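Enquirer: Provided below for reference: sequence and predicted model.
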Amino acid sequence: MAILRPNEIRKMSPDERRKKLEELRAELARLRALALARGQLDNPCRIREIRKAIARILTIEREEELKRMRERGKK
């Protein structure tokens, strides 16, 4: 899977983002369990990529939440 870019995440609907976030969290848990069981991974950088993708999704969701709050405050 390729690295998720912020512009790709912003193009997703909120439901798509939530689904992607769940998938990434599940994959991260699976990789961590695999690393714990075997002691090593085929691609150890993958954990870092997934963590960063999760952070990007959460950051963009927070930006949009703050934007909605500001718009409500101006009305």
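Expert: Okay, I see it.

Enquirer: how much space between the residue most central in space within the chain and M12?
Expert: Compute the mean C-alpha point of the chain, and by C-alpha atoms, centre = their mean the closest residue is I54, 2.1 Å away. For I54, the distance to M12 equals 14 Å [C-beta to C-beta, to the nearest Å]. For glycine as for every other residue, the C-beta is placed from the backbone atoms N, C-alpha and C.

Enquirer: Mind listing what's buried along whichever strand or helix holds R56?
Expert: In this structure, R56 sits in helix 45-74 according to DSSP states H and E. Neighbour counts using 16 or more other C-beta atoms under 10 Å place I47, E49, I50, A53, I54, R56, I57, I60 of helix 45-74 among the buried residues.

Enquirer: Tell me how far that helix lies from the chain's centre.
Expert: 9 Å (C-alpha atoms, centre = their mean, to the nearest Å).

Enquirer: which strands and helices sit next to that helix?
Expert: helix 6-11, helix 14-38 (3 or more C-beta pairs under 8 Å, 6 or more residues apart in numbering; DSSP states H and E).

Enquirer: by contact count, what packs against the first one?
Expert: Same thing as helix 6-11. Helix 6-11 packs on helix 45-74, going by 3+ C-beta pairs under 8 Å, 6+ apart.

Enquirer: Give the rounded mean pLDDT of the helix it packs on.
Expert: Here helix 45-74 scores 94 as its mean pLDDT.
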